[in-house]
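Chemist: one predicted model, sequence on top.
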Amino acid sequence: MSKLRVGIVGCGRISIMYKLAFQNLSDRIEVVIAVDKDLEKAKAFAANFGCRYADSFQEALKEKPDVLHLCTPHFLHASMAIEAVKAGIHVLTEKPMAISLEDADRMIAAEKETGKCLGVIFQSRYEAGVQEMKRLIEAGELGKLTGAWSTMNWSRPAAYYQSDWKGKWKGEGGGVLIDQTIHTIDMVQWLVNSRVKSVDGHIDHRALQNIEVEDVADAIIEFENGVRYSLFACNYNSYNAPIEFEISGEKGRVRLIGDRAHILLDGKEEYVVKPAPAVNFEGENYWGNFHQLQLEAFYESVRKGETPEIDAVEGRAALEIVLSVYKSSFENRKITLR
C-alpha cells in the first residue's frame, strides 16, 4: 500500500498534535510540505520530517499532496479549503470550518462538486467515553432522550489573544463559543441526533479587556425530538476546569466530566469509561490525544473513496448552532431554524 502524501498549512500551537499523529502514522503517510506565514515555524515543523517548507499557501497547492491539513486562522478556512479541493486535494480543516454559514455552504458545494473529501476536526467525538455514550444511545439503553446540559469554565489570559486575528469578529468569528465551546456543542448535537428547532441565547463581554468578542455565553437549544439543551460557557475562569455535559433519558443518564464518561442506567451500577493512557503526549491537556484517531479515520476514507465520518455537512451542524446563539443575542429574540 503506497503512502498518502500529506501537507500542513499553519504550524502554530495546535500543530504539535499533527506532529505527533504524523510520526505515529509514518507507516501510512509521508509528510511532504509544511507551510506557515512565519517561515521559521514552517522550517521547525518540517525538520521533524525532512520535508519541504514554505511561507505561501500556493506552494502547498503546487506540491499536490493527497491530503492537506488546515490549521490556519478561522477566517481562512473556507477560502483555502475550497481552493485546495478544486485543485484535486483532500482537505481536513481545524474547526470551525468557517465563520459564516454562507462560507460553510460554499465548502459543502465544493466537496460535492469535486468529489474530494473535506473533513472538519472534531476530535472529541473519538474519545472512548463519548463513543460509549453514542453506542448506548443508539442501542436505546437510555430510552427516549429527555434533556441535556453542558458547562465550560476555562481561562484565556491576555497572552492567548496576542495575534492579528484572535479575539476579533472578522478574524475569529466569535469568542468562547466558536473557539472552544463548539467542541461540546458538536458532541451534544451528535449524540442527541436530531435537527435543531430553535435557539435562544445570550452572549456578553464581561471580563477580558483585550478582545472584541464574547467571553461568556448561555443558551437554550431545542431539538425536534423534544430534547432541550441548556448551555453555559465562559473563558475568564482562573483555570481550565474540566468540561462537563450530560444527556438524560427515560432510563438513565450519561455524563462526561473532562475525558471520563460516567454511565448511570436505571437498575444498574454506575460505571466509568476512561481514555487509554496517552503516549508521548506533548500538547495542552484539554486538547486530548484524539486527533490521531480522526486523522486515521479520514485517511481511510480517502483511500476507500468514501465520505469522511465528519465531513463538511457534519461540520456545519455545530457551526449553525453557534451562529444562531450569536444572532439570538444580537437581535434579542429566539431564533427558529425549522
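Modeler: Received the coordinates, thanks. Small disclaimer: the values here were computed from a predicted structure and weren't measured. Residues are numbered from 1 along each chain as shown.
Chemist: could you chop this structure up by domain?
Modeler: According to automatic domain parsing, the chain comprises the domains 4-123, 125-284+311-336.
Chemist: would you mind putting those into CSV with mean pLDDT, mean neighbour count and distance to Ser301 alongside?
Modeler: For the C-beta atoms, the positions are set from N, CA and C on the backbone; glycine is no exception. CSV is the format used below for the domains of the chain (pLDDT from 0 to 100; neighbours: other C-beta atoms under 10 Å; distance: least, C-beta to C-beta, whole Å):
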stretch, mean pLDDT, mean neighbour count, distance to Ser301
domain 4-123, 98, 20, 6
domain 125-284+311-336, 95, 18, 9
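Chemist: those: which one's closest to Lys304?
Modeler: Lys304 sits nearest to domain 4-123 of all those, at 10.1 Å, using C-beta to C-beta.
Chemist: what sits against the closest residue to Asn225 other than its chain neighbours?
Modeler: Nearest in space to Asn225, with sequence neighbours left out and distances taken as C-beta to C-beta, 6 or more residues apart in numbering, is Ser194 at 3.8 Å. For Ser194, the contact set (C-beta atoms under 8 Å, 6 or more residues apart in numbering) comprises Phe223, Glu224, Asn225, Val227.
Chemist: mind checking the end-to-end distance for stretch 153-166?
Modeler: One end of stretch 153-166 to the other measures 19 Å (C-alpha to C-alpha, to the nearest Å).
Chemist: off-centre distance for that stretch?
Modeler: Relative to its chain's centre, stretch 153-166 lies at 18 Å (C-alpha atoms, centre = their mean, to the nearest Å).
Chemist: what's it in contact with?
Modeler: 73-75, 167, 171-172, 176, 179-180, 208-211, 215, 233-241, 286.
Chemist: make it 7 Å
Modeler: 73, 75, 167, 171-172, 180, 208, 210-211, 234-235, 237-241 (C-beta atoms under 7 Å, 6 or more residues apart in numbering).
Chemist: got it, and stretch 8-28?
Modeler: 3-4, 29, 31, 34-36, 41-42, 45, 48-49, 57, 60, 68-72, 80, 94, 280, 282-283, 287, 291-292, 295-296, 299.
Chemist: just these: which are in helices?
Modeler: Lys41, Ala42, Phe45, Phe57, Ala60, Met80, His291, Gln292, Leu295, Glu296, Tyr299 (DSSP state H).
Chemist: and of the residues you listed, the nearest to Ile310?
Modeler: Leu295 (11.4 Å).
Chemist: how is the closest residue to that closest one other than its chain neighbours assigned, secondary-structure-wise?
Modeler: With sequence-adjacent residues excluded and distances taken as C-beta to C-beta, 6+ apart, Leu295 is closest to Ala21, at 4.9 Å. Under DSSP: H, G, I helix; E, B strand; the rest coil, Ala21 falls in the helix class.
Chemist: what residue of this structure is the furthest out?
Modeler: Note on the chain: the largest C-alpha distance from the chain mean falls to Gly267, namely 35.1 Å (C-alpha atoms, centre = their mean).
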